[in-house]
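> Return a 3D structure for these sequence lines:
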Amino acid sequence: MSRENPNDKGFTWWSVWAWLGLTLGNLVTFAQLAELPEAALILVGLNTVLMVLVLRYNKYAFLIATVLTLNPIVWLINGVYLKRRWNHPRVNKGSATTESVAAY
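Now for the predicted structure:
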């Protein structure tokens, strides 16, 4: 039986947010912009790229997708959620650490 680190932050909402965006977000966009199919395709394409990046634990994509909701309540909830995970290794696996930058 393996034990998880009690200090490790969970990422359940991260995946739920991305899958909701990919499914319901894209469906709502298509429904609301039925008369403007070109605009709907562009927005769905942008949303899909952002949500796939969120599924890959890209913190900047999570931030951009949150801001683009234009919903202050979502900004608050996701802002607190993201702030607590901003320096987590899972979302920083592709970026340089402060130690490696300081070495140069």
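> Give me the residues contacting the helix or strand where Thr29 lies.
Element membership for Thr29 (DSSP states H and E) is helix 26-32. Residues outside helix 26-32 that contact it (Cβ atoms under 8 Å, 6 or more residues apart in numbering): 40, 43-44, 47-48. Backbone N, C-alpha and C define where each C-beta goes, glycine included.
> are any of the residues you listed buried, and which?
40, 43-44, 47 (16 or more other Cβ atoms under 10 Å).
> Closest one of the residues you listed to Trp19?
Asn47 (12.3 Å; Cβ to Cβ).
> Helix or strand for the closest one, just tell me which one.
Short version, using DSSP H and E: Asn47 is in helix 37-55.
> next structured bit after that helix?
helix 59-67.
> okay, that next one in PDB with CA atoms only?
What follows is helix 59-67, C-alpha atoms only, in PDB (Å, rounded to 0.1, in the frame of the first residue of the first chain):
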ATOM      1  CA  LYS A  59      -0.200  26.700 -15.500                       C
ATOM      2  CA  TYR A  60      -0.300  29.500 -18.000                       C
ATOM      3  CA  ALA A  61      -3.000  27.900 -20.100                       C
ATOM      4  CA  PHE A  62      -5.000  27.400 -16.900                       C
ATOM      5  CA  LEU A  63      -4.600  31.100 -16.100                       C
ATOM      6  CA  ILE A  64      -5.500  32.200 -19.600                       C
ATOM      7  CA  ALA A  65      -8.600  29.900 -19.800                       C
ATOM      8  CA  THR A  66      -9.700  31.200 -16.400                       C
ATOM      9  CA  VAL A  67      -9.400  34.800 -17.400                       C
END
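> buried stuff in it?
Buried residues in helix 59-67 (16+ other Cβ under 10 Å): 59, 61-63, 65-66.
> Please consider this matter closed, and thank you.
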